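Student: Please find the sequence and the predicted model below.
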Amino acid sequence: MDLPPVDLVAALARARSREQPGPDTPAGPAVRAWPGPPRHLPEAGPGELDLGRLLRLSLAAADRAGRLRPTPSAGALHPVDAQLVVGGRCPLPPGRYGYDPLRHRVHRLGPEPGAALPGARIELSVTPRRTISHYGHRAWPLMLLDTGHAAAALWLAARALSAGPPTLLLDGTDDEPLAALHIAPSEGTRRDAQAPTPRELLARRSAPPPLRGTPPREELRAVLTTATEAGAGELAWCVAVGAPRPELVELAPDGTLRRLASGEARPTLAAWAAGQAWLADAGAVLLGYGCPRDAEAPRIRRAHLRAGFAVGLAHVAASRRGVAGRPVGSWQQADLGAALGGAPGRGWIVHGLALGTIHSAHSTHSDHSARSVQSEEETS
């Protein structure tokens, strides 16, 4: 499905402005209308990539309304669509398939394009209408972040299932697919003890605000390290820390935390994040920044895809260490680089993750369908 032409440079500049989105419009169907009859995902045999479990742990909805997908999405609108290019050693016959996350079914679209590698290549694109319906002109950076989160969910699911190491494509050079991963069948390797378990992936949720309580520095260091490594140098990363000593910290070359700036940043972050006042009381806020004002479209795509991927991995890392998290993706006038004394227009905030150790008791088990909370991720 070809995306409508978009001037991504102009779209990002407008999304970063103070302009408010207009009234909501219909979001349209929650799933792309794939042609042909739906097919079950068969159980995997010995030595095959378990596509059914992989998708169940990453992109599948937990209810028919589609609101409880494991991957976060701005406004729970889930614009990301997935196509599978299936090769050998998979429970499905080789070919191209569209995935329906509401019914956990696939639709065969045609033969495999050439000689597909063993396993499956999962290609991610978006249906813009879903996100535009609520966020209007702010939608495009959010859709790119959502795509990065979907890539992170697939990456984590592959690790949880001990599949072959995923090959990740987030280079930003293509309009479609925006991102892709090739996941090979397992070669009988033992599960990595550091990998998340399937149970952890299915249980993860974005915690509703408020998220209070400053995480210990060791936990902040672990989350910051995860984001920095997953970001692959595309952005700079830091954490705005609350009480008892408000400051911004970053990773030093030796892997320890060092002060980037002193003082209270969270109220300013709340104003920059579409006026989400609760951020002023968050225990800490992980921030990825860069993507300068003069960035061209490939760099914009790459920076936002990488930011979504990095925050997706950091979110799970935080949860595994007992720290609640909530991604924050909509930022206006958020020139953090200039606020830190750098040149204006060079260090814009691209993505964030609010963190806290004290949060609502219902944050993981109830209120998931409450529109007022905008489950899974609020970025408006």
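Tutor: Received it, and whenever you're ready, just let me know what you need.
Student: all strands for the stretch 251-380 of the chain, in order.
Tutor: With DSSP state E, counting those that start in this stretch, the ranges of strands along the stretch 251-380 of the chain come out as 257-262, 284-290, 324-328, 348-356, 358-359.
Student: Report the buried residues of the second one.
Tutor: Along strand 284-290, these residues count as buried under the neighbour rule (16 or more other Cβ atoms under 10 Å): Ala284, Val285, Leu286, Leu287, Gly288, Tyr289, Gly290. Glycine gets a C-beta too; all of them are placed from N, C-alpha and C.
Student: Take the strands of the stretch 251-380 of the chain and write them to a markdown table, including mean pLDDT.
Tutor: Shown next, in a markdown table, are the strands of the stretch 251-380 of the chain (pLDDT from 0 to 100):
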| stretch | mean pLDDT |
| --- | --- |
| strand 257-262 | 98 |
| strand 284-290 | 98 |
| strand 324-328 | 97 |
| strand 348-356 | 98 |
| strand 358-359 | 72 |
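Student: do you know which of those lies nearest Arg199?
Tutor: For these, proximity to Arg199 was assessed by Cβ to Cβ; strand 324-328 is nearest, at 17.6 Å.
Student: can you tell which of the strands of the stretch 251-380 of the chain is closest to Ala152?
Tutor: Counting by Cβ to Cβ, Ala152 lies closest to strand 324-328 out of those; the figure is 10.6 Å.
Student: The closest one: how far from the chain's middle?
Tutor: 11 Å (Cα atoms, centre = their mean, to the nearest Å).
Student: Output the contacting helices and strands for that strand.
Tutor: Secondary-structure packing of strand 324-328 (3 or more Cβ pairs under 8 Å, 6 or more residues apart in numbering; DSSP states H and E): strand 211-212, helix 297-320, strand 348-356.
Student: go with 7 Å
Tutor: On a contact count with 3 or more Cβ pairs under 7 Å, 6 or more residues apart in numbering; DSSP states H and E, strand 324-328 meets helix 297-320, strand 348-356.
Student: CA atoms of that strand as PDB?
Tutor: As requested, C-alpha coordinates have been extracted for strand 324-328 and formatted as PDB (Å, rounded to 0.1, in the frame of the first residue of the first chain):
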ATOM      1  CA  ALA A 324       7.000   1.900  35.900                       C
ATOM      2  CA  GLY A 325       7.200   3.600  32.600                       C
ATOM      3  CA  ARG A 326       5.100   5.600  30.100                       C
ATOM      4  CA  PRO A 327       6.400   6.700  26.600                       C
ATOM      5  CA  VAL A 328       5.900  10.300  25.700                       C
END
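Student: Give the pairing partners of that strand; include direction for each.
Tutor: Neighbouring strands of strand 324-328 in its sheet, by DSSP bridges, are strand 348-356 (antiparallel).
Student: Residues in contact with the strand it pairs with: which ones?
Tutor: Identification of contacts with strand 348-356 by Cβ atoms under 7 Å, 6 or more residues apart in numbering yields 16, 145, 211-213, 215, 223, 235, 272-273, 279, 282-291, 303-304, 307-308, 311, 314-315, 318, 323-329, 331, 334-336.
Student: And stretch 124-142, by the same measure?
Tutor: With contacts defined as Cβ under 7 Å, 6+ apart, stretch 124-142 is touched by 1, 3-4, 6, 8, 11-12, 14-15, 19, 21-22, 24-28, 32, 74-75, 77-82, 143, 147, 150-151, 176-180, 304, 329-330, 379-380.
Student: what's the most buried one of the helices and strands packed on strand 324-328?
Tutor: strand 348-356 (a mean of 29; mean count of other Cβ atoms under 10 Å).
Student: starting at the chain centroid, how far to that strand?
Tutor: 12 Å.
Student: That strand to helix 297-320, inter-axis angle?
Tutor: The directions of strand 348-356 and helix 297-320 differ by 10 degrees, with axes from the mean of the first three to the mean of the last three Cα atoms, to 10 degrees as the criterion.
Student: quick one, strand 348-356 and strand 284-290 angle?
Tutor: Using the same axes, to 10 degrees: strand 348-356 against strand 284-290 is 160 degrees.
Student: Distance to Ala243 added to the helices and strands packed on strand 324-328, as TSV?
Tutor: Written out in TSV, the entries for the helices and strands packed on strand 324-328 read as follows (distance: least, Cβ to Cβ, whole Å):
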stretch	distance to Ala243
helix 297-320	19
strand 348-356	12
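Student: Tell me who's in contact with the spatially most central residue of the chain.
Tutor: The residue at the geometric middle of the chain, judged as the C-alpha nearest the mean C-alpha position with Cα atoms, centre = their mean, is His149 (1.9 Å). By Cβ under 7 Å, 6+ apart, the contact list for His149 reads Thr71, Pro72, Gly308, Gly312.
Student: Can you give the distance from the host helix or strand of it to the centre of its chain?
Tutor: Assessed by DSSP states H and E, His149 sits inside helix 139-160. The chain centroid and the centroid of helix 139-160 are separated by 4 Å, computed with Cα atoms, centre = their mean.
Student: Buried residues of it, list them for me.
Tutor: Of the residues in helix 139-160, those buried by neighbour count under the rule 16+ other Cβ under 10 Å are 139-160.
Student: in the stretch 1-150 of the chain, which spans are strands?
Tutor: 80-86, 95-100, 105-110, 120-126.
Student: Number of residues surrounding Ala280?
Tutor: One way to gauge burial is a neighbour count; for Ala280, by other Cβ atoms under 10 Å, it gives 18.
Student: hang on, it packs against Thr268?
Tutor: No. Here Ala280 lies out of contact with Thr268, judged by Cβ atoms under 7 Å, at a distance of 8.7 Å.
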